[in-house]
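A.B. asks: Please work out how this folds:
(2 chains)
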Amino acid sequence: MRYWTTRRRDVLTGYLFIAPQLAGVVLFVLIPVGLAIWYSLNKWNVFTGKQVFVGADHYAALASDPQLPNVLLATVAFSGGVVVLNISLGLLIAVLLNRRFRGATFFRTVFFSPVVVSVVAWTLVWGFLLQDNGGINGLLGAVGVDGPNWLQHGDTAMVSVVVSQVVRSVGVNMVLFLAALQGVPSELYEAARMDGASSRAMFARITLPLISPTVLLTAIITVVGALQSFAQIAVLTGGGPELSTTVLVYYVYQQAFEFNDIGYGSTLALMLLSFVMVLTLLQWQLRRKWVFHEQ
Amino acid sequence: MTALAVLALPFAVPTIWMVAASVKPLPEIFKAPPTLWTEHPTLAAYGEAFTFQPFARQYVNSVYIAVLVTLITLLVSSMAGYAFARIRFPGANALFLVVLAGLLVPSEVTIVPLFQVFKQAGMINTHWPLILVTALAAPCVLATFIMRQFFIALPAELEEAGRLDGLGRPGIWWRICLPLARPALSAVAILTFLSSWNLYLEPTVYLTSPELFTLPQALTRFTDAYGADMWNTQLAAATMTVLPVLIVFVLAQRQFVEGLAHSGLK
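C.D. replies: The predicted structure is shown next:
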């Protein structure tokens, strides 16, 4: 059979091999995004199940939603808090671990271990520790401090969610920073040391500039991850007290699945998608710069 | 060293606390000042976890779903990753970009329409959405990306040798490339297993019967008739869901950490 040359067979194999993955993306990602756009242009009647085309009504509703400013504020506070703490703490731990000493592997394991603990289990334990009569206030009481009811006040609730999220996920950034730190040529440090530079100066003048691309990329990956944090909020605070910890993802869930407002829920979901896309495209641009930087 | 030890406390204490509290009698859990160990350890809460809801069944659900999802992802991503890396076919670059788009879209965005679609298909309150979406969407795209990066680096001579031995493309993929890809495959297996095991939003949305629940979802249901948390039962159940993964992690932590560092997150 002349027809089945190796080349033709190769091409066919190529298509067959990617078919399941391609079908998965089309069916479970691309078509749903298209549907979300369609849903956002329709109003659904929960009782009759009928939908009516309403055009841009839901988009106009964004502007007049009295809760949305609070939600966006909480989203910025949560994502911003997570990224600042996650980057600074991740970098601090990586620098401390990037030396040869007995127990380095032990500490790396400890710092990384929350990453493999399921979010819900981790959050439950924090919820338990943060209660009015929980372990953290118990410890504070032992040293004579009267701790607040962490999850019942707006400010402390947000701080609690951010901190429990950072401690759970900073291990990933720590690993990425460790990899970046190991890429800094040691000759640079030796030369600087000969010139009498302090370790603080070496960190500011050598380490930080050389790993800054990793810092930027990690920051964006962390923000994108924080924008998608659902379980932490749902389990620890349920978005409360008031709206203080209702971030966009949680608001999408509430609108779509608690209030059954499919149309408005989809509109909010697309807003979330646009945030994530802008950040990802930014990351793509930086990655290019980063590759250039390395050459 | 001291700085590290102090810094490590919030990372280690919650897990240790969870295990310790799960064997304490209930009144002792809220003792002030808190104690780490108890004079009267009891496993009662562990038994209660199994009688309060079908916890054994939920455990089986989580295990079988995670294993199935991991196996499907390994197969699908290694095939797609191999094709994108080593086979030249028209449209490969464009199709690769289409697949990568799967990484760009958070699952929270697609879950609203997917819920409607699965409802139409009569798949709500079944495990199908959890298996299909996790095995073929975002986590699998990341896996395909990792596999492609790995296969690109393989020397071409290996494939030539296979071809001379009379192997076709599928044979080269299965007999030569996959055995070499063990590090990438184990990174993919770890990441996929964890993402399925820890899934929370999806089961919450798709499942309503307790006997179909997965573990993270089940953990939040240990509340008494008044909606108050049954803390010791909850912590015992949490311990049982966390410990197996934690033990595997400590034994294979090198692979976990390196797998993650090489997962293309860089």
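A.B. asks: drop to CA atoms for contacts and neighbour counts, all remaining ones
C.D. replies: OK.
A.B. asks: Closest approach to chain A from the stretch 1-150 of chain B, which residue is it?
C.D. replies: residue B:80 (4.3 Å; CA to the nearest CA).
A.B. asks: Leaving out the residues flanking it, which one is nearest to that residue?
C.D. replies: Take residue B:80 and drop its neighbours on the chain: the residue closest to it by CA to CA, 6 or more residues apart in numbering or on different chains is residue A:18, 4.3 Å away.
A.B. asks: and the strand or helix carrying that neighbour, which residues are buried?
C.D. replies: Residue A:18 is part of helix A:6-25 when elements are defined by DSSP states H and E. For helix A:6-25, burial by neighbour count (16 or more other CA atoms under 10 Å in any protein chain shown) applies to A:10, A:11, A:13, A:14, A:15, A:17, A:18, A:20, A:21, A:22, A:24, A:25.
A.B. asks: from memory the last one sits against residue B:97, does it?
C.D. replies: No. The pair residue A:25 and residue B:97 does not pass the contact test of CA atoms under 8 Å, sitting 10.9 Å apart.
A.B. asks: Residues of the stretch 51-200 of chain B that sit close to chain A?
C.D. replies: B:76-77, B:79-84, B:87-90, B:95, B:98-99, B:101-102, B:104-106, B:108-114, B:133, B:136-138, B:140-141, B:169-170, B:194, B:197-198, B:200 (CA under 8 Å from any CA of the partner chain).
A.B. asks: Look up how far residue A:34 lies from residue A:26.
C.D. replies: The spacing between residue A:26 and residue A:34, counted by CA to CA, to the nearest Å, is 10 Å.
A.B. asks: out of these two, which sits in the busier spot?
C.D. replies: Set residue A:26 next to residue A:34 and count neighbours by other CA atoms under 10 Å in any protein chain shown: residue A:26 wins out with 19 against 12.
A.B. asks: Check the spacing between the more buried one and residue A:277 real quick.
C.D. replies: 18 Å.
A.B. asks: what's the answer for residue A:171, then?
C.D. replies: On the measure of CA to CA, residue A:171 and residue A:277 end up 25 Å apart.
A.B. asks: Comparing those two, which residue is more hemmed in?
C.D. replies: The neighbour count for residue A:171 versus residue A:277, taken as other CA under 10 Å, is higher for residue A:171 (27 against 16).
A.B. asks: picking up where we left off before, and the residues of the stretch 51-200 of chain B next to chain A, which are buried?
C.D. replies: For these, buried by 16+ other CA under 10 Å: B:76-77, B:79-84, B:87, B:89, B:99, B:101-102, B:104-106, B:108-114, B:133, B:136-138, B:140-141, B:169, B:194, B:197-198, B:200.
A.B. asks: Show the pLDDT at the residue nearest to residue B:80.
C.D. replies: pLDDT recorded at residue A:18 is 97.
A.B. asks: What about residue 94, how many residues nearby?
C.D. replies: In the absence of a named chain, chain A is used. That count, for residue A:94 with other CA under 10 Å as the rule, works out to 22.
A.B. asks: that's the other chain; I wanted chain B
C.D. replies: By the criterion of other CA under 10 Å, residue B:94 has 10 neighbours.
A.B. asks: State the helix or strand in which it lies.
C.D. replies: helix B:92-104.
A.B. asks: State the mean pLDDT of whichever helix or strand comes after that helix.
C.D. replies: Once the chain leaves helix B:92-104, the next helix or strand it forms, by DSSP H and E, is helix B:107-120. Average pLDDT, helix B:107-120: 93.
A.B. asks: Helix B:107-120 packs against which elements?
C.D. replies: Under the contact criterion of 3 or more CA pairs under 8 Å, 6 or more residues apart in numbering or on different chains; DSSP states H and E, helix B:107-120 touches helix A:31-40, helix A:262-294, helix B:201-206.
A.B. asks: That's all I had, so thanks and see you.
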